[in-house]
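[1] Predicted model, plus sequence, below.
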Amino acid sequence: MAKDNKTKSFVLRIDSDVMEAIEKWAEDEFRSVNGQLLYVISEALKKSRRMPKRKETKDNKEEKD
């Protein structure tokens, strides 16, 4: 995720068996649980073509040039 993105926190209630599976998966891929959840959500959004378009900022334009 980009450094300039603002993040929001929220509470997630999750079944303990599902949580254990996510923890194992995250460990297998050398990610934190939070990082794994962000990755899975991001991939699902891309696959379903629901990923919001990033707004181009002055900094992003300069990186392209």
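    Perfect, thanks for sending it.

[2] Check the gap between Leu45 and Glu20 for me.
    Between Leu45 and Glu20 the computed distance is 24 Å (CB to CB, to the nearest Å). In short, each C-beta sits where N, CA and C put it, glycine included.

[3] what does Tyr39 give?
    Taking CB to CB, one finds Tyr39 at 18 Å from Glu20.

[4] Which of those two has more residues huddled nearby?
    Neighbour count, other CB atoms under 10 Å: between Tyr39 and Glu20, Tyr39 has more, with 15 against 11.

[5] State the phi and psi torsions of the spatially most central residue of the chain.
    Geometric centre of the chain, nearest residue: Leu38, 2.3 Å, by CA atoms, centre = their mean. Leu38 adopts backbone torsions of phi -60, psi -40, taken as degrees, to the nearest 10.

[6] And Ser32, by the same measure?
    Dihedral angles of Ser32 (phi, psi; degrees, to the nearest 10) stand at phi -80, psi 170.

[7] what do you get for the one 4 residues further on?
    Per-residue torsions, Gln36: phi -70, psi -40 (degrees, to the nearest 10).

[8] can you give me the helices for this protein?
    Ranges of helices within the chain are 16-28, 33-47, 58-64, based on DSSP state H.
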